Structures are given as C-alpha cells and as structure tokens.
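1. Need a 3D model of the sequence below.
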Amino acid sequence: MTGKVSWPIGPNGEMVVRLLDDVRGQMVKGGFHIESIRTTSIGKQARKLFVSHALECEPDIADDLAPDWAVYKELEKQGRLIAFGAWPTPEPWESVPFIAYAVAYLFRPAHYAGRMFAQLDALYVAPEYRSRRLGLHLIDRLEKTARSRGASRLLMHAKPGSRLAAMLPRLGFEVEETIFRRDLT
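-> Numbers count the residues shown, from 1 in each chain. From the prediction side, this is the model:
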C-alpha cells in the first residue's frame, strides 16, 4: 500500500488513524470533506450512521448489528479494505460524526486466477444529505481507489427499487446477476 499515514490524537486522547493514500482527502462540491479512513476511526464516528443504515435497509435484523472489527482490521492489514468517510465540514474532525461512508474490500475470485475485484460492503449517506450528490462522490472514490490497487471490476449491490439501484445503470454499471436470499435461522 502506498501513501503516508498520520496519527493524530483525538479530543479525548484516543489515537485516530487516517490513511492518505490513493485518493487524498479533499473538499467536494457542496462543502463536504471526503477522506480515506481506517477502522480505528470508523467505529467511533460512524456508530449512529450504522444504526440508521441497519434500520433503513435491514429492519428485521437491525437489532443484531455488531460489526466484526477483527475482520475489518485484518482486511485493512492486508491492504484489501477501501473505506471513505464524509464530513459536513471543510476538514475531518474526530469530534464531528460522519454524514456518509463507503466501504469496499478487494478479493481474488477463485475461478479467475490473476484477477482482482472490489466488492461494495456498505454505502450509506444520512437522509438529510442525499440530494447533494455525496453518494456519487463516494462511488467515484471507491472506483478510483479500487482501480489504483489493481481491481479490474467493482461489484456493487443495491436493494431492488432503491435510489442506488436506479442510479447505478446511469453510472455505467450493468446488472450481472440477481442475488436471492433465504434466512436459515
């Protein structure tokens, strides 16, 4: 992984890791700041958004929300995690919660030796910020970062009938397959 890591200290003395690598943190139209983030800052700043995301997208299992931070940290350690946070301020501040996040991971598909894909894990924008193209900026950052890390394909999933499902074809994404689910427990 290329880049420079800064280790600022948060307002309560906690260490907050920020990776400035493939796509530098920067302001985007609308006055938002988007920056690559590490798992050490995701949990503290995105907790409220995780809950909102779960309640909106998976209300039947939202009570079970419990991110497996060990998995995220291992993916990060292997250089296979891509994560961005967005703030409503000119600079990211550890005391200001995220208003959006996007997380993807890189993997090598077993049936296609030599290929690497990026898979969307989560994309969420707080409802009050959705009309400001913030999700588009996050998708763009995921795509650029995945490409710079060697991915040849970005896979994204979206709930049928959602705004994201309607938007992805306009961004050049194609429907590749349909995912079916059956709860087993």
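
2. Strands of this protein, start to end?
-> Counting by DSSP state E, the chain has strands at residues 4-6, 18-20, 26-28, 32-36, 81-87, 100-107, 117-125, 153-155.

3. Redo the ones you listed as TSV? Include mean pLDDT and mean neighbour count.
-> Placement of C-beta: from N, CA and C, glycine included. Shown next, in TSV, are these (pLDDT from 0 to 100; neighbours: other Cβ atoms under 10 Å):
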stretch	mean pLDDT	mean neighbour count
strand 4-6	31	10
strand 18-20	33	17
strand 26-28	56	13
strand 32-36	85	21
strand 81-87	90	25
strand 100-107	93	22
strand 117-125	92	20
strand 153-155	95	16
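
4. between these, which one is nearest to residue 47?
-> Minimum separation from residue 47 across these (Cβ to Cβ) falls at strand 100-107, 11.1 Å.

5. one step back: now the strands of the chain in a markdown table, please, with extra columns for distance to residue 133.
-> Listed next are the strands of the chain as a markdown table, based on distance: least, Cβ to Cβ, whole Å:
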| stretch | distance to residue 133 |
| --- | --- |
| strand 4-6 | 28 |
| strand 18-20 | 23 |
| strand 26-28 | 8 |
| strand 32-36 | 9 |
| strand 81-87 | 11 |
| strand 100-107 | 11 |
| strand 117-125 | 10 |
| strand 153-155 | 18 |
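
6. That concludes my questions; thank you for your assistance.
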